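Colleague: Show me how the following folds:
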Amino acid sequence: MNPSSFDLLIGIDRSDSRLDIATCDPVTGQSAAHTVSTDPAALRGWFERQRAALPSHAHVAVAFEQPATNLLVFFSQFAGVTLYPLNPAAVRSYCKSFALSGAHTDTTDAAMIARYLAHYHSHLRAHPARSGDLEELDRLNQSRRDLVDERTALINRLQATLKLYYPQALKLLSDDLYRPMDCAFLLKWPSLQALQKVKPATLRAFWHGHGSRSEALLSRRLALIAEALPLTNDPHRIEPLILEVRLLAEELLLVDKHLKRYEASIAAVAARFEDFAFFQALPGAGPVFAARLLAVFGADRELWGTAEDVLRLSGVAPVTQQSGGKRVVHRRHHAPAFLHQTLVEWAGESWQHSAWAKAFYHYQKARNKPYYSIMRMLAYKWIRILFRAWKDRVPYDEARYLQCLLKSNSPLCAYLGA
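Modeller: Predicted coordinates:
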């Protein structure tokens, strides 16, 4: 589709309180400048007036610098609208080619974005139009991951606080510290002084009630409590730290509660897709990565033209820069963070469940490659394999891939079974 295929081109430069908008007729070249409030009612009214002046079933292209999630959400609800989130660095370079001094205003920026869209449309990737279910799944996946990161930060803070006055708790509890048993323990006995006042029978009943029934483990815990000496008995130091530990324990319980809600919602939405079974069967995918991979690939086989499209957009494919006799290959730094994270993190899990992926890991490790470089390389191979299987609607077959490696006498064969 070229610019003349659209009935209207729209370039938007946004700020917190207003949108500077340039509209352009791709046939006549006639343009106009508008200023609209970011209030949804004002924006909807303006856009509906623009559409009313166009033929029925008109096609509109809208371009703006990313990130602009609010604009994506707003314009995605209209049929016949194609969205182009643009790289701000690319737009800025384009603007500077017309104003070497760097002079610009919001109005001129909007006009430049519209012009950029008109001139370089064929080189730009439109924001994919995806189903509501897929958008919901993607948002749930991202929110769940943000909550996991929040939990990790709380755990790190809790560990640091306990080390200041109650290091014994770190030996009595699990390494995770977010489990309900761990949080309940700290809420009941937030200091060693409080813990040593409790009868062993009470502690046994507590651990039994939370499913910890190993007698050997219980004996070690009780012995540690009986022999422990406090780091300090100064109440002026201990009391503020007790308040902090109780706060963190309650926050961890709340985060855990909402994580379970997110995971239940993710499972319910993912189950609506026939392709979910395909991703669940992948090595190391499980319910979490299966849902995240499903959100990446989707159900529309026309969404991605080639595996290279996925590799480039996700930032997994490296960048080659060559000038004269100099050639440099490096990782991509500009890519959707969550998309990149999904593919690389799943690669990090897959090598513990896939024979060839494990062989690949050990092969690259023997060549002194850093861990995360290996994971990006492994993700690169996985995407090419998955894309073909997904495109052909054929389940991934580990045995078949191993046979291909043996037939081609791949260097990975020496590391199979490592």
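Colleague: can we go C-alpha only for contacts and neighbour counts from here?
Modeller: Noted.
Colleague: Which residues are in contact with Leu248?
Modeller: Leu248 sits next to Leu154, Leu158 when contact means C-alpha atoms under 8 Å, 6 or more residues apart in numbering.
Colleague: 10 Å instead, please
Modeller: For Leu248, the contact set (C-alpha atoms under 10 Å, 6 or more residues apart in numbering) comprises Arg151, Leu154, Ile155, Arg157, Leu158, Thr161, Tyr178, Cys183, Leu186, Leu187, Ile242, Leu254.
Colleague: Which one among those sits at the bottom for pLDDT?
Modeller: Looking at the contacts of Leu248 by pLDDT, the weakest one is Tyr178, with 90.
Colleague: How about the contacts made by that residue?
Modeller: Per C-alpha under 10 Å, 6+ apart, neighbours of Tyr178: 151-152, 154-155, 158, 184, 248-253, 255-256.
Colleague: Just the element for it, please.
Modeller: Remark: Tyr178 resides in no helix or strand, with elements defined by DSSP states H and E.
Colleague: For the helix ranked longest in the chain, list every residue counted as buried.
Modeller: Determined from DSSP state H, the single longest helix within the chain is helix 235-270. By neighbour count with 16 or more other C-alpha atoms under 10 Å, helix 235-270 contains the buried residues 238, 241-242, 244-246, 248-253, 255-256, 259, 262-263, 265-267, 269-270.
Colleague: where's the residue sitting furthest away from the middle of the chain relative to Pro230, distance?
Modeller: What lies farthest from the middle of the chain is Lys199; by C-alpha atoms, centre = their mean that is 46.7 Å. Using C-alpha to C-alpha, to the nearest Å, Lys199 is found at 18 Å from Pro230.
Colleague: Val316 too?
Modeller: Applying C-alpha to C-alpha to Val316 and Pro230 gives a distance of 50 Å.
Colleague: Now do the one helix or strand Arg292 maps to: distance to the chain's middle.
Modeller: If you go by DSSP H and E, Arg292 is part of helix 286-297. What separates the centre of helix 286-297 from the centre of its chain is 11 Å, taken as C-alpha atoms, centre = their mean, to the nearest Å.
Colleague: So which elements touch that helix?
Modeller: helix 132-165, helix 235-270, helix 276-280, helix 307-314, helix 337-350, helix 371-392 (3 or more C-alpha pairs under 10 Å, 6 or more residues apart in numbering; DSSP states H and E).
Colleague: Extract the CA atoms of that helix and return them as PDB.
Modeller: Presented in PDB, the C-alpha positions along helix 286-297 are these (Å, rounded to 0.1, in the frame of the first residue of the first chain):
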ATOM      1  CA  GLY A 286       5.000 -24.200  30.700                       C
ATOM      2  CA  PRO A 287       1.900 -22.000  31.300                       C
ATOM      3  CA  VAL A 288       3.900 -18.700  31.600                       C
ATOM      4  CA  PHE A 289       6.100 -18.800  28.600                       C
ATOM      5  CA  ALA A 290       3.500 -20.600  26.500                       C
ATOM      6  CA  ALA A 291       1.200 -17.600  27.000                       C
ATOM      7  CA  ARG A 292       3.900 -15.100  26.300                       C
ATOM      8  CA  LEU A 293       5.100 -16.800  23.100                       C
ATOM      9  CA  LEU A 294       1.500 -17.100  22.000                       C
ATOM     10  CA  ALA A 295       1.100 -13.300  22.400                       C
ATOM     11  CA  VAL A 296       4.300 -12.800  20.300                       C
ATOM     12  CA  PHE A 297       3.300 -15.000  17.400                       C
END
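Colleague: didn't Asp175 look like it was pressed against Thr152?
Modeller: No - Asp175 is beyond contact range of Thr152, at 11.7 Å (criterion: C-alpha atoms under 10 Å).
Colleague: which one of those two has more residues nearby?
Modeller: The residue with more neighbours, out of Asp175 and Thr152, is Thr152; 16 against 12, by other C-alpha atoms under 10 Å.
Colleague: and the more buried one, what does it touch?
Modeller: Under the criterion of C-alpha under 10 Å, 6+ apart, the neighbours of Thr152 are Asp146, Leu158, Asp176, Leu177, Tyr178, Leu252.
Colleague: likewise Arg332?
Modeller: Shown in contact with Arg332 (C-alpha under 10 Å, 6+ apart): Arg312, Leu313, Ser314, Gly315, Val316, Ala317, Pro318, Val319, Thr320.
Colleague: Looking at those residues, spot the one nearest Ala61.
Modeller: Leu313 (20.7 Å; C-alpha to C-alpha).
Colleague: Neighbours of the closest one, how many?
Modeller: 16.
Colleague: Now it. Nearest residue, chain neighbours left out?
Modeller: Counting by C-alpha to C-alpha, 6 or more residues apart in numbering, Leu313 lies nearest to Ala335, which is 6.2 Å off, once chain neighbours are set aside.
Colleague: what about that neighbour, how many residues close to it?
Modeller: Counted with other C-alpha under 10 Å, Ala335 comes out at 14.
Colleague: Just confirm it contacts Pro318, I think it does.
Modeller: No - using C-alpha under 10 Å, Ala335 is not in contact with Pro318, being 11.4 Å away.
Colleague: Quickly list what's touching both of those two.
Modeller: Common neighbours of Ala335 and Pro318, using C-alpha under 10 Å, 6+ apart, are Arg312.
Colleague: thinking again about what came up before, now do the contacts for the residue nearest to Leu313.
Modeller: Contacts of Ala335 (C-alpha under 10 Å, 6+ apart): Arg312, Leu313, Ser314, Gly315, Val316, Gln341.
Colleague: circling back to that earlier point, how far off helix 286-297 does the longest helix of the chain point, in degrees?
Modeller: Helix 235-270 and helix 286-297 meet at an angle of 60 degrees, taking axes from the mean of the first three to the mean of the last three C-alpha atoms, to 10 degrees as the criterion.
Colleague: Report the distance from helix 235-270 to the chain centre.
Modeller: Relative to the centre of its chain, helix 235-270 is centred 21 Å away, using C-alpha atoms, centre = their mean.
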